[in-house]
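Peer 1: Let me see the structure of the following:
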Amino acid sequence: FQVKLESARIWFQIELPRAYPDNFMPLVSIKGDDITREEQERWQGIVRRKMTDLEGTEFPIYELISAHLLPMLRADDATRDVTSVQASETPEVKVVAAHYHALLTSHHLKSPNKRRSLQQWSSELSLSGFAKVGYPGVIYVEGAQENVENFVLNVKAMQWLALRVRFIEPVVPTSRTDASGHSNQHWVELEKIGEVVEEMRKWGREHYVVEMGIGSAGTS
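Peer 2: Residues are numbered from 1 along each chain as shown. Coordinates of the predicted model:
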């Protein structure tokens with residue numbers, strides 16, 4: 001089967017071994033449009049290292065695809081898109097290249113102290129995003145790279161049950177950003193998974209959560 005994003009020029013072709021799951025190591029081929037041999041070898045090296053790291057885990061194929069391959073494809077695609085946006089802008093428009101976003105999940109998010117801290121950090125760091133409270137906990141932020149990275153560090157410094165940083169990567173600014181690429185600050189708390197998908201849909205990014213198994217494209 002193939003793992004690809006519609007907008008990405010690189011995708012992965014995965015063949016499971018006949019002895020799966022006793023032998024989990026799949027054959028992963030790098031495919032793409034006009035990719036160089038150097039790029040292909042670089043991606044093959046990345047895949048080999050990730051598969052080695054996943055030996056002995058409970059769901060190696062799922063982890064390889066959802067936690068590594070898809071985020072890497074998005075990061076590669078977003079970096080090229082940001083570069084394209086910069087090249088098309090006129091000299092009079094200031095382009096902020098380091099525009100990032102991050103998605104984190106946890107077993108739950110109920111603590112009033114944590115919820116206040118998330119809102120406070122988003123305000124102090126001029127970030128937009130949301131926190132989905134209850135079970136599971138979902139946190140999403142967007143803004144300047146340094147501020148997003150500091151926000152994630154602050155979150156990781158707190159005590160969590162099963163906290164996972166799903167991705168932290170470049171992203172092309174959306175209509176929720178101004179002409180200079182800064183986010184029009186917006187922070188909300190959500191209570192249902194369907195609200196997470198709907199909020200991401202407002203950003204034009206619902207696929208980011210759907211691909212992670214959070215909600216579905218048809219969730220209302």
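
Peer 1: got a list of what the nearest residue to residue 197 once chain neighbours are set aside touches?
Peer 2: Computed as Cβ to Cβ, 6 or more residues apart in numbering, the closest residue to residue 197 that is not its neighbour in sequence is residue 215, at 4.0 Å. Where you see a C-beta, it was placed from the backbone N, CA and C, and this is true even at glycine. Contacts for residue 215 (Cβ atoms under 8 Å, 6 or more residues apart in numbering) come out as 193, 194, 196, 197, 209.

Peer 1: Distance of the first one relative to residue 68?
Peer 2: Going back to what we said before, that points to residue 193. 24 Å (Cβ to Cβ, to the nearest Å).

Peer 1: out of the contacts of residue 215, which are inside helices?
Peer 2: Assignment to helices by DSSP state H places the following of the contacts of residue 215 there: 193, 194, 196, 197, 209.

Peer 1: I'd like the residues you listed as CSV, with pLDDT, distance to residue 170 and neighbour count appended.
Peer 2: Below are those laid out as CSV (pLDDT from 0 to 100; distance: Cβ to Cβ, whole Å; neighbours: other Cβ atoms under 10 Å):
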residue, pLDDT, distance to residue 170, neighbour count
193, 91, 26, 18
194, 92, 28, 14
196, 93, 22, 24
197, 92, 22, 21
209, 88, 18, 25
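
Peer 1: Which two of those have the greatest separation?
Peer 2: Maximum pairwise distance among the ones in helices among the contacts of residue 215 (Cβ to Cβ): 10.9 Å, between 194 and 209.

Peer 1: hey, what's residue 164 bridged with?
Peer 2: The residues listed as beta-bridge partners of residue 164 by DSSP bridges are residue 105.

Peer 1: isn't it right up against residue 104?
Peer 2: Yes: counting by Cβ atoms under 8 Å, residue 164 does reach residue 104; the two are 6.7 Å apart.

Peer 1: Looking at those two, which one has more neighbours?
Peer 2: Set side by side, residue 164 and residue 104 show unequal neighbour counts under other Cβ atoms under 10 Å, the larger going to residue 104 at 22 against 14.

Peer 1: neighbours of the closest residue in space to that one that isn't next to it in sequence, just the number please.
Peer 2: For residue 104, the nearest residue in space outside its immediate sequence neighbours is residue 139; the separation is 4.4 Å by Cβ to Cβ, 6+ apart. Around residue 139 sit 23 other residues, with neighbours defined as other Cβ under 10 Å.

Peer 1: Assign a three-state SS to residue 139, would you?
Peer 2: Of the three states, residue 139 takes strand according to DSSP: H, G, I helix; E, B strand; the rest coil.

Peer 1: could you list every residue that touches it?
Peer 2: By Cβ under 8 Å, 6+ apart, the residues touching residue 139 are 102, 103, 104, 105, 106, 109, 118, 129, 130, 131, 132, 155.

Peer 1: I'd like to know how far the residue nearest to residue 197 sits from residue 150.
Peer 2: Distance, residue 215 to residue 150, using Cβ to Cβ: 28 Å.

Peer 1: One more: residue 101?
Peer 2: Computed as Cβ to Cβ, the residue 101 to residue 150 distance reads 14 Å.

Peer 1: Would you mind telling me which of those two has more residues around it?
Peer 2: Per other Cβ under 10 Å, whichever of residue 101 and residue 150 has more neighbours is residue 101, with 26 against 16.

Peer 1: Cheers, nothing more for now.
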